[in-house]
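[1] starting from these lines, generate the structure:
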Amino acid sequence: MADLHFLANPARFRRFSQRVLPGLGFATALMLAVGIYMAFFVAPEDYQQGKTVRIMFVHVPSAWLSMGGYAMLSALGASLLVWRHPLAALMARAAAPVGASFAAVCLLTGSLWGRPMWGTYWVWDARLTSMLLLFFLYLGHIALSRAYDEPERGDRAAAILALIGVINLPIIKFSVDWWNTLHQPASITRLDAPAIHNSILVPLLWMAVSLLFLFVYLVLLRTETEIDRRRLENAEAAA
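    Here you go, the predicted model:
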């Protein structure tokens, strides 16, 4: 906790990220290269889905990261509203577009998978609808944070939306259990054991870690940009 409090200072955080980003960028590129090779050249085709199963290697991690990214937004919102951490608002502004991008990729790849499997690109399925709502919540956060002339007011409004919208995350997770949906039930996060063979599970988890590295890299990079932008705005206001 002391380390996190230390990094709550934007200047210290920027020095930290500048040291971390080069190595993280290299690791991300390497992990993604290996993950893409495993997913598209090593993992076997599914006996029912054929080559279409390869969409899962991008779709599933994107869904995980879009949900995890919104959970992070809510934690940052709480930090801003309760403890008024100076970095929380800037990191939330940085993370929201990244999370929205992963949500968009999840929806797009899900549609591409649904066409051959379900015969249509979209159905108003509980899982799909709640994921679409998550994408709109991201867009709402982005819009609210930039809707006011005073950045602090926009950041607080966006933080409140993030805290309210977090209730959608368990709905996404358990929608396949609570309602009759076309979307398949959980195959990995089960109490007994994953229902996926290791030949597909290992590349899937590798891609998930690779895209997590990419998520962290983009958030750190965008947070640096937000810090610089806020400094410039403050300097212009003081001039």
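[2] immediately after the lowest-mean-pLDDT helix or strand in the chain, which helix or strand?
    Among the helices and strands of the chain, helix 2-7 carries the lowest confidence by mean pLDDT, DSSP states H and E, at a mean of 53. Going down the chain from helix 2-7, the next helix or strand is helix 10-37, by DSSP states H and E.
[3] if I look at Tyr138, how far off is Trp113?
    From Tyr138 across to Trp113, the span is 21 Å (C-beta to C-beta, to the nearest Å). (Glycine included, C-beta is placed from N, CA and C.)
[4] which of these two has more neighbours?
    Tyr138 (27 against 19; other C-beta atoms under 10 Å).
[5] looking at this, the more buried one is in a helix?
    Yes. Tyr138: assigned to a helix according to DSSP: H, G, I helix; E, B strand; the rest coil.
[6] the nearest residue to it once chain neighbours are set aside is in what secondary structure piece?
    Among residues not flanking Tyr138 along the chain, Ala100 sits closest, at 3.6 Å (C-beta to C-beta, 6 or more residues apart in numbering). Using DSSP H and E, the element containing Ala100 is helix 86-118.
[7] so which residue is smack in the middle of the chain?
    Ser66 (2.9 Å; C-alpha atoms, centre = their mean).
[8] is it true that that one touches Gly99?
    Yes. Judged on C-beta atoms under 8 Å, Ser66 makes contact with Gly99 at a distance of 5.6 Å.
[9] joint contacts of those two?
    Common neighbours of Ser66 and Gly99 are listed as Tyr138 (criterion: C-beta atoms under 8 Å, 6 or more residues apart in numbering).
[10] give the helix, strand or coil label for Asp149.
    Each residue gets one of three states, and Asp149 gets coil by three-state DSSP.
[11] measure how far the top helix by length along the chain is from the centre of its chain, please.
    If you go by DSSP state H, the chain has its longest helix at helix 198-238. Computed by C-alpha atoms, centre = their mean, to the nearest Å, the chain-centroid distance of helix 198-238 equals 10 Å.
[12] what inclination does that helix have with respect to helix 10-37?
    Between the axis of helix 198-238 and that of helix 10-37 there is an angle of 150 degrees, by axes from the mean of the first three to the mean of the last three C-alpha atoms, to 10 degrees.
[13] now for helix 198-238, which elements pack on it?
    On a contact count with 3 or more C-beta pairs under 8 Å, 6 or more residues apart in numbering; DSSP states H and E, helix 198-238 meets helix 10-37, helix 56-78, helix 86-118.
[14] flag every buried residue along the last one.
    Okay, so that is helix 86-118. 86-103, 105-107, 109-111, 113-114, 117 (16 or more other C-beta atoms under 10 Å).
[15] please apply the same query to the first one.
    Within helix 10-37, the residues that qualify as buried are 10, 13-14, 17, 21, 24, 28, 31-32, 35-36, counting by 16+ other C-beta under 10 Å.
[16] show me what that helix is packed against.
    Judged by 3+ C-beta pairs under 8 Å, 6+ apart, helix 10-37 is in contact with helix 2-7, helix 86-118, helix 198-238.
[17] got phi/psi on Thr120?
    phi -150, psi 150 (degrees, to the nearest 10).
[18] in a markdown table: the helices and strands packed on helix 10-37, plus distance to Asp125.
    Compiled in a markdown table, these are given as follows (distance: least, C-beta to C-beta, whole Å):
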| stretch | distance to Asp125 |
| --- | --- |
| helix 2-7 | 38 |
| helix 86-118 | 9 |
| helix 198-238 | 22 |
